[in-house]
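Asker: Fold the following.
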Amino acid sequence: MSFPSHDLTSAPEESKPQLEAAQKAYGTIPGLYKVLSESPQAYQAYNALHQLFTATAFDAEELTVVWQSINVEHGCHYCVPAHSGIAKSMKVADEITEALRNETPLPSPKLEALRTFTVQMVRERGNVTDAQMQAFFEAGYGHRAVLDVILGLSQKTISNYVNHVAKTPVDAMFEPLKWERSTTPLAV
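Answerer: Numbering: from 1, shown residues only. Below is the predicted model of the structure:
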């Protein structure tokens, strides 16, 4: 079944300003935005969550770890390549991006703890154990970081699920970064 994918001429009026902003910012309209524009409210919610998540105390590496851990765990064919490109533009080391894409160890114990906790949050639907929380805190994170992981999960759930149901094609600029899970999911 085909899912609507809009441009500036076919999108609902309420979505057009967001699509215009995307066109101006990226020189193109990403496929996710074309699909999200069918529901101006879903599109607006995704953008608001993105802005809020990027304003957290997480640095570029940590943002990338949360995003990609969720993308990989959800098996999102669209978001993994997109966030691989976004990580590069944020100057995140390729070794971090590759470890996330391939579910291999990250270069620092703190980033690994962030990935582990994020994946646990996804798999357990927020029902993490006291021991899992304690391990996250021992890695140097606090209660705020727990809430910020949940915020990132909220954003990525929208995009990952939208891309699953819409089968959003990977954008041409991210085509060289295409991804398919080639391993057994990470043990956490």
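
Asker: what about the residue nearest to Ser182 when sequence neighbours are not counted, how many residues close to it?
Answerer: In space, Ser182 comes closest to Asn102 once its chain neighbours are excluded; the distance is 7.5 Å by CB to CB, 6 or more residues apart in numbering. Just so you know, the C-beta spots here come from the backbone N, C-alpha and C atoms, and that holds for glycine as well. Look at Asn102: counted by other CB atoms under 10 Å, it has 14 neighbours.

Asker: Look up how far Val188 lies from Asn102.
Answerer: Distance check for Asn102 against Val188: by CB to CB, to the nearest Å, it reads 15 Å.

Asker: Now the residue nearest to the spatial centre of the chain: closest residue in space, sequence neighbours ignored.
Answerer: When the chain is reduced to its mean C-alpha position, the nearest residue by CA atoms, centre = their mean turns out to be Trp67, at 3.6 Å. The spatially closest residue to Trp67, leaving aside those adjacent along the chain, is His83, at 5.0 Å (CB to CB, 6+ apart).

Asker: if I look at the one you found, how far off is Thr28?
Answerer: Where Thr28 is concerned, His83 sits at a distance of 17 Å (CB to CB).

Asker: so how far is Gln44 from the residue lying closest to Gly126 once chain neighbours are set aside?
Answerer: Here the nearest residue to Gly126 in space, its sequence neighbours aside, is Ile150; by CB to CB, 6+ apart that works out to 7.0 Å. According to CB to CB, Ile150 stands 20 Å off from Gln44.

Asker: Which residue ranges of this structure form helices?
Answerer: 16-26, 31-36, 40-54, 60-74, 79-89, 94-102, 109-123, 130-138, 143-166 (DSSP state H).

Asker: Run through the protein and note the low-pLDDT ranges.
Answerer: Under the criterion pLDDT under 70, the flagged ranges of the chain are 1.

Asker: Next, the contact list for Val119, please.
Answerer: With contact set as CB atoms under 8 Å, 6 or more residues apart in numbering, Val119 has these partners: Ser69, Glu73, Leu186, Val188.

Asker: I'd guessed Trp139 sits against Thr118; true?
Answerer: Wrong residue type there; residue 139 is Ala, not Trp. No. At 11.9 Å, Ala139 does not count as touching Thr118 under the criterion of CB atoms under 8 Å.

Asker: which of the two has more neighbours?
Answerer: Under the criterion of other CB under 10 Å, the comparison of Ala139 against Thr118 puts Thr118 first, with 25 against 17.

Asker: show me what contacts the more buried one?
Answerer: Counting by CB under 8 Å, 6+ apart, Thr118 touches Val65, Val66, Ser69, Ile70, Glu73, Val149, Gly152, Leu153.

Asker: buried ones in stretch 154-174?
Answerer: Gln155, Lys156, Ile158, Ser159, Asn160, Val162, Asn163, Ala166, Thr168, Val170, Asp171, Phe174 (16 or more other CB atoms under 10 Å).
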